[in-house]
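Chemist: Below is the sequence, then the predicted model.
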Amino acid sequence: KISKADDILQKMLSEKRLKSVEDKRVGSEVFDTITLKTLYKLANDGYIHRLNGAISTGKEANVFTGIDKNDNFVAVKIYRVTTSDFKKMQTYIQGDPRFRIRTTNKRQLINAWVNKEFRNLQRADEAGVKVPKPIVAKNNILVMEYIGDEEGDAALPMRHSDIKNPEELLNKVINNMKLLYTKAGLVHGDLSSYNILIQDNEPVIIDISQGMTKDHPIAEELLNRDIENITKDFKKLGVKISAKEIRSEIIDL
Ligand code: ATP
Ligand code: MN
C-alpha cells in the first residue's frame, strides 16, 4: 500500500526530481529531512497530493505547483533553511508584537517567518485585499491558493506581464494598498511589480512575509518605500502619478 507521502516520493523519484532518498536531492535542490517529513505530513493530511514543477526558484524559497486531494491546484512555498536571510528575518520579527520570539535558532526563525506570512495573508484576505488565500503553514512550508489558470500555468508577475491598461491596474493596486493599510492595518514592506501577480487583469499581492503592523516603528518607512516602488513601476508604464498622490489616496487624511 502506497501512502500519499510515498506517492509524492515516488513521483519525485520517477520525475528524477529526487535523485535518491539518501541525499534527498530534488532536482538541483537539496531538501533536508525535515522538509521532506513536512511534505509527507502535509501529503497525509491531504493538503498536497502531488508536487509538480517549480514555478519559481528564488534566493530563499522555491514555489511549486501542487495538487491537493480534491484535485485542486495549490501553491507550495518551501523556504530553504540553508540560504535564508536570517538577519532580515530577525529584524522583521523582532518588535512585531505578534511574534515575541527570542531566538537565534534558524529553524525556529524560519518557522516563525512562515507563520508570519500565513497570518499576514489571512489578515489581508479578511480585509478584502486580493492575495492568495492561505491554506496551511507547517515548519518551512506554506501552502496557499494557487494564482493561475485552469491549465496549471501560474500567473505572471506584473513585471513580466503585458499590461494593457496601466491606469486601471494602478487604481486597483492603490485600492488594495489602501485596504491593506486601513483595514488590515499592515504594510507590505516589499511591494513592487515583482510581488504583484496578474490574474485576469486583476492584481494579486504576494510575498508578504516581512509585512508589519502599521504601528510598528519602521512601518512608516516601509510604506514610503512601497509607495516609491509602485510609483516608479507605473511611471515605466507611462502613468503620470507622484508618490505623494498615491500616499494621499492610501491614507485618509
Ligand atoms: P525569492 O525572493 O527568494 O525568489 P520570494 O520570497 O520572492 O522568493 P514569492 O515572491 O512569494 O517568493 O514567490 C516567488 C514566485 O513564485 C512569484 O514571483 C510567483 O511567480 C510565484 N508564486 C508565489 N506565490 C504564488 C501563488 N500563490 N500562485 C502562483 N504563483 C505564485
Ligand atoms: Mn517575491
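Modeler: Arrived safely. Numbering: from 1, shown residues only. Ligands and ions are numbered 1, 2, ... in the order given.

Chemist: Grab the nearest non-local neighbour of Arg50.
Modeler: Nearest residue to Arg50 in three dimensions, chain neighbours excluded: Ile67, at 4.3 Å (Cβ to Cβ, 6 or more residues apart in numbering). In this view, the C-beta of every residue, glycine as well, is placed from N, C-alpha and C.

Chemist: scratch that, Ile196
Modeler: Met158 (4.4 Å).

Chemist: Surely that neighbour touches Ser193?
Modeler: Yes - at 4.1 Å, Met158 counts as touching Ser193 under the criterion of Cβ atoms under 8 Å.

Chemist: Now for the closest residue to ligand 2 within the stretch 1-150 of the chain, how many residues are close by?
Modeler: With Cβ to the ion, the shortest gap between the stretch 1-150 of the chain and ligand 2 falls at Gly58, namely 6.6 Å. If you count neighbours by other Cβ atoms under 10 Å, Gly58 ends up with 13.

Chemist: which residues sit in contact with the residue nearest to Ile196?
Modeler: Residues in contact with Met158 (Cβ atoms under 8 Å, 6 or more residues apart in numbering) are 169, 193-194, 196-198, 203, 233.

Chemist: 7 Å instead, please
Modeler: Applying Cβ atoms under 7 Å, 6 or more residues apart in numbering to Met158 gives the contacts 193, 196, 198, 203.

Chemist: And Val81, by the same measure?
Modeler: With Cβ under 7 Å, 6+ apart, Val81 has these contacts: 32, 106-107, 110, 140.

Chemist: Among those, name the buried ones.
Modeler: For the contacts of Val81, a burial check counting by 16 or more other Cβ atoms under 10 Å picks out 110, 140.

Chemist: nearest to Gly148, of the contacts of Val81?
Modeler: Asn140 (22.8 Å; Cβ to Cβ).

Chemist: wouldn't that closest one be in contact with Thr35 here?
Modeler: Yes - at 6.1 Å, Asn140 and Thr35 qualify as touching, with contact defined as Cβ atoms under 7 Å.

Chemist: Could you name every residue contacting both of these two?
Modeler: Common neighbours of Asn140 and Thr35 (Cβ under 7 Å, 6+ apart) are Ile78.
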